[in-house]
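1. task: produce atomic coordinates for the following.
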Amino acid sequence: MSTSTVTVTDANPIPRAAEILTDDALAFVAELNRRFNPVRTELLEARGVKRAKVAETGKLDFLPETLNVREGDWKVAPAPAALTDRRVEMTGPASPAKMAINALNSGAKVWLADMEDAATPLWENVVDAVLNLRDAALGTLSYTSPEGKEYRLRTDAPLAVVVTRPRGWHLEERHILLDGEPTSGALVDFGLHFFHTAKALLANGHGPYYYLPKMESHLEARLWNDIFVFAQDYLGIPQGTIRATVLIETIPAAFEMDEILYELRDHAAGLNAGRWDYLFSIIKYFRDAGSAFTLPDRAQVAMTAPFMRAYTELLVKTCHHRGAFAMGGMAAVIPNRREPEVTAAAFDKVRNDKTREANDGFDGSWVAHPDLVPICQEVFDAVLGERPNQLDKQRPEVSVTADQLLDVASAAGEATEAGLRLNLYVAVAYTAVWISGNGAVAIHNLMEDAATAEISRSQVWQQIRNQVKLADTGNTVTRELVETILAEETAKLRGEVGEEAFAKYYKPASDLIADICLSEDYTDFLTIPAYELVG
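-> Below you'll find the predicted structure:
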């Protein structure tokens, strides 16, 4: 199937795919890629140049050339009515339909419909996600299980407002080719979703709202803004209709919060503290900067660590100063309905985490399970009262320096062999599930997605590089130790999942984790080589 110079390698990945892969929609996606993909490529190259410079000094700082933006008197556009109250946001993939319906019905104010870290970019998943979101916008989304159980959108209470997260700039889509070359995954996700849902969402009193992931600079935000301007003109809808919340989940972006909001100011809705990817980014950015940038076991890195406090406090202050919403991060712990003690512990952890965020001035926060929606709601209700948000909490007392953002050594805790073992187990287990087509999985009562897997494998690479001494055994992390533990954890997984799944998914995943953890060269994103293993 082709439209002009656009080729779709598989036009029927799912039933009803033809409703999404229309000639008009593909023409729009092609035009987005023609106009904006070359800039995306240049900006990705600029990331490497900047990191190489930072690696020489171990320092990042606020940009002197944008001082006027940071000191200027400006605000983002006022939020549309549908986005003024975001106290609870449910996250999860938009495929399959059952999960989409459960998220929309969850009682959360917002559903982050994820086509990124909680989704594997199987072609079937990509098209199905857009189809489900289109049907949700039309109010027709439904699902009947093989056992005959019906899932429908609730009519007794409001549905969650949809905010869709497309893939990051670094990922490509090999199933839509332009002049024989892969297209941008972000532009495919955004293009298909926007084309098929924007007008229906507007008719519902909502709009095309997005979460923008993985950005590293205000220039990348400028690119998204240019895309939004073009897209709105293309469909003939008013400028400013699109609203975007940016995940501040990379360390360079933490130094450009004002600038990112400024570039998107007519389309900006807020910033989010994407904590897990933020830790991954710190490891990646300063991977060869020595022991001052090595972290303890990831389970020990609390949001109360001084460098994490600096990051979240600056985010709240920046957002509210500019009239934008500050959104809290993911509570990765999840309840287990078969184990009451596990569930009680999960509830306690989530309540404590959300209480800290609400008291700090965040306007809402994320949960990964419907059972956690009431906990988050209760905490934010107690702080907000009748107010829809905390934009009035300005935080003028907060003053954050570059050194505070980079004070990784302030994190309490130790690196242990138990932590190394868990990192390798999680990295293999998650990657195996990812290449099988599922982007979010519960492991040891934590919701793991691509971000937590990235931390796990990056920490292993960094520990080898820095010959970290492990507190519980006294062993030094070497290639040989990692090879031994990886083999043991892979054998454990083999016993847990059975031979068929092991051969198909877990053995390739283990081989990939071995390659990227033991390589002399660091792999920027686990999902790029993992995409080669996806069917």
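2. distance of the closest residue to Val400 other than its chain neighbours from Ala273?
-> Of all residues not flanking Val400 in the chain, Leu314 sits nearest, at 4.2 Å (CB to CB, 6 or more residues apart in numbering). For the C-beta atoms, the positions are set from N, CA and C on the backbone; glycine is no exception. To Ala273, Leu314 is 10 Å away according to CB to CB, to the nearest Å.
3. what helix or strand does the residue nearest to Val400 sit in?
-> Secondary structure assignment for Leu314, by DSSP states H and E: helix 306-321.
4. what comes up buried for that helix?
-> 307-321 (16 or more other CB atoms under 10 Å).
5. try stretch 492-509
-> Neighbour count says stretch 492-509 has 493-494, 497, 501-502, 505-509 buried, by 16+ other CB under 10 Å.
6. now it: average pLDDT?
-> For stretch 492-509, mean pLDDT is 97.
7. straight-line length of that stretch, end to end?
-> End-to-end distance for stretch 492-509: 14 Å, by CA to CA, to the nearest Å.
8. how many other residues sit next to the residue nearest to Lys349 when sequence neighbours are not counted?
-> Beyond its immediate neighbours in the sequence, the residue positioned closest to Lys349 (CB to CB, 6+ apart) is Val333, lying 4.9 Å away. When counting by other CB atoms under 10 Å, one arrives at 22 neighbours for Val333.
9. now do the contacts for Val333.
-> Shown in contact with Val333 (CB atoms under 8 Å, 6 or more residues apart in numbering): 345-346, 349-350, 445-447.
10. quick check: it vs Leu372, distance?
-> 8 Å.
11. what is the helix holding Leu314 packed up against?
-> helix 251-254, helix 257-263, strand 268-273, strand 325-331, helix 340-360, helix 402-405 (3 or more CB pairs under 8 Å, 6 or more residues apart in numbering; DSSP states H and E).
12. just put the ones you listed in CSV and tack on mean neighbour count, distance to His218 and mean pLDDT.
-> CSV is the format used below for the helices and strands packed on helix 306-321 (neighbours: other CB atoms under 10 Å; distance: least, CB to CB, whole Å; pLDDT from 0 to 100):
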stretch, mean neighbour count, distance to His218, mean pLDDT
helix 251-254, 24, 8, 98
helix 257-263, 24, 4, 98
strand 268-273, 28, 12, 98
strand 325-331, 28, 18, 93
helix 340-360, 17, 24, 93
helix 402-405, 16, 16, 97
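13. so Tyr522, which of the three states?
-> coil (DSSP: H, G, I helix; E, B strand; the rest coil).
14. no no, Lys75
-> Per three-state DSSP, Lys75 ends up coil.
15. let's see the pLDDT reported for the nearest residue to it once chain neighbours are set aside.
-> Among residues not flanking Lys75 along the chain, Gly323 sits closest, at 3.9 Å (CB to CB, 6+ apart). Here, the pLDDT recorded for Gly323 equals 98.
16. just give me the neighbour total for Gly323.
-> There are 17 residues near Gly323, going by other CB under 10 Å.
17. what do you get for Leu67?
-> Neighbour count for Leu67, taken as other CB under 10 Å: 11.
18. give me the element it is part of.
-> In this structure, Leu67 sits in helix 67-71 according to DSSP H and E.
19. and that helix, what does it pack against?
-> Applying 3+ CB pairs under 8 Å, 6+ apart, one finds that helix 67-71 contacts helix 257-263.
20. so what touches the helix it packs on?
-> Helix 257-263 has contacts (CB under 8 Å, 6+ apart) with 63, 66, 69-70, 72, 74, 76, 215, 217-219, 221-222, 225, 246, 248, 253, 268, 271, 314-315, 318-319, 322, 324.
21. switch to 7 Å and redo it
-> 63, 66, 69-70, 74, 76, 215, 218, 221-222, 225, 246, 248, 253, 268, 271, 314-315, 318, 322, 324 (CB atoms under 7 Å, 6 or more residues apart in numbering).
22. check which helices and strands the lengthiest helix in the chain sits against.
-> In the chain, with assignment by DSSP state H, the single longest helix is helix 23-57. Using 3 or more CB pairs under 7 Å, 6 or more residues apart in numbering; DSSP states H and E, the elements in contact with helix 23-57 are strand 2-3, strand 6-8, strand 172-178, strand 181-184, helix 185-203, helix 218-235.
23. could you rerun that using 10 Å?
-> With contacts taken as 3 or more CB pairs under 10 Å, 6 or more residues apart in numbering; DSSP states H and E, helix 23-57 sits against strand 2-3, strand 6-8, strand 172-178, strand 181-184, helix 185-203, helix 218-235, helix 251-254, helix 275-285.
24. would JSON lines of those with distance to Gln462 be doable?
-> As requested, the helices and strands packed on helix 23-57 are exported to JSON lines (distance: least, CB to CB, whole Å):
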{"stretch": "strand 2-3", "distance to Gln462": "45"}
{"stretch": "strand 6-8", "distance to Gln462": "40"}
{"stretch": "strand 172-178", "distance to Gln462": "27"}
{"stretch": "strand 181-184", "distance to Gln462": "29"}
{"stretch": "helix 185-203", "distance to Gln462": "27"}
{"stretch": "helix 218-235", "distance to Gln462": "25"}
{"stretch": "helix 251-254", "distance to Gln462": "14"}
{"stretch": "helix 275-285", "distance to Gln462": "5"}
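25. Asn466: which of the ones you listed is closest?
-> The closest of the helices and strands packed on helix 23-57 to Asn466 is helix 275-285. By CB to CB, the value is 10.9 Å.
26. now find how far off-centre the very next helix or strand once past the helix holding Leu67 is within its chain.
-> Note on helix 67-71: by DSSP H and E, the next helix or strand toward the C-terminus is strand 88-93. On the basis of CA atoms, centre = their mean, to the nearest Å, strand 88-93 sits 11 Å off its chain's mean C-alpha point.
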